[in-house]
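*Asks:* build the 3D model from these lines:
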Amino acid sequence: MLKCFKNKRGFTLIEICLGILLLGYSMIVVAKLFGSVTMSAKASEFETLASNFARAKMEDLKNRDYDSLPEGVWTSDVWAVDVTKGLTQKGSLMFNRQVKVTYMQTVGGVLTASAIDQGLKQVSVKVVWEERGAQRNMEYVSLVARGI
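*Replies:* Presented below is the predicted three-dimensional model:
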């Protein structure tokens, strides 16, 4: 039995080819995983930027007087973010922010839209952006009541 092992001097060509094939396959899997993780991290970054953009405007609106919030869609602005360092998109990413104020009322304990001012307004801040060919959006909604 020891003679068999003595005559064996190294790896066969088949063993080397299988090893290279296995190593190449595992590197492809790792590369795909790295790409998925990178795209997921970029998507989270864009969502965080949109959230910050919406919350900043909502905080500004909450600090205003009730009467300074006229009904309707009354502001829309754009914020561009440079994403040239990212792997998923080139150029700048545009975030469109829109504010909508609606008169509200409670009827039978249910909150509904109203045609006239009843002392309660719903303020909505919506941010829309395009990411990897798909439109994404985020919206914050709050109620503002007339001070007594």
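
*Asks:* and stretch 16-34, how far from the chain's centre?
*Replies:* Relative to its parent chain, stretch 16-34 has a centroid offset of 32 Å by C-alpha atoms, centre = their mean, to the nearest Å.

*Asks:* show me where this protein has its strands.
*Replies:* For the chain, the strands defined by DSSP state E occupy 72-82, 92-107, 110-113, 120-131, 134-145.

*Asks:* okay if I get these as a markdown table plus mean neighbour count, distance to Tyr66 and mean pLDDT?
*Replies:* From N, CA and C alone the C-beta is placed, and that goes for glycine too. As requested, the strands of the chain are exported to a markdown table (neighbours: other C-beta atoms under 10 Å; distance: least, C-beta to C-beta, whole Å; pLDDT from 0 to 100):
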| stretch | mean neighbour count | distance to Tyr66 | mean pLDDT |
| --- | --- | --- | --- |
| strand 72-82 | 12 | 14 | 81 |
| strand 92-107 | 16 | 10 | 90 |
| strand 110-113 | 9 | 17 | 92 |
| strand 120-131 | 19 | 7 | 93 |
| strand 134-145 | 13 | 6 | 93 |
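
*Asks:* can you list those in JSON lines and add distance to Asp60?
*Replies:* As requested, those are exported to JSON lines (distance: least, C-beta to C-beta, whole Å):
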{"stretch": "strand 72-82", "distance to Asp60": "10"}
{"stretch": "strand 92-107", "distance to Asp60": "9"}
{"stretch": "strand 110-113", "distance to Asp60": "23"}
{"stretch": "strand 120-131", "distance to Asp60": "9"}
{"stretch": "strand 134-145", "distance to Asp60": "12"}
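
*Asks:* so which of those comes closest to Gly35?
*Replies:* strand 120-131 (15.7 Å; C-beta to C-beta).

*Asks:* so which elements touch the closest one?
*Replies:* For strand 120-131, the contact count by 3 or more C-beta pairs under 8 Å, 6 or more residues apart in numbering; DSSP states H and E identifies helix 13-62, strand 92-107, strand 134-145 as packing neighbours.

*Asks:* dump these into a markdown table; add distance to Trp74 as well.
*Replies:* Written out in a markdown table, the entries for those read as follows (distance: least, C-beta to C-beta, whole Å):
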| stretch | distance to Trp74 |
| --- | --- |
| helix 13-62 | 10 |
| strand 92-107 | 6 |
| strand 134-145 | 14 |
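
*Asks:* having no further points to raise, I will conclude here.
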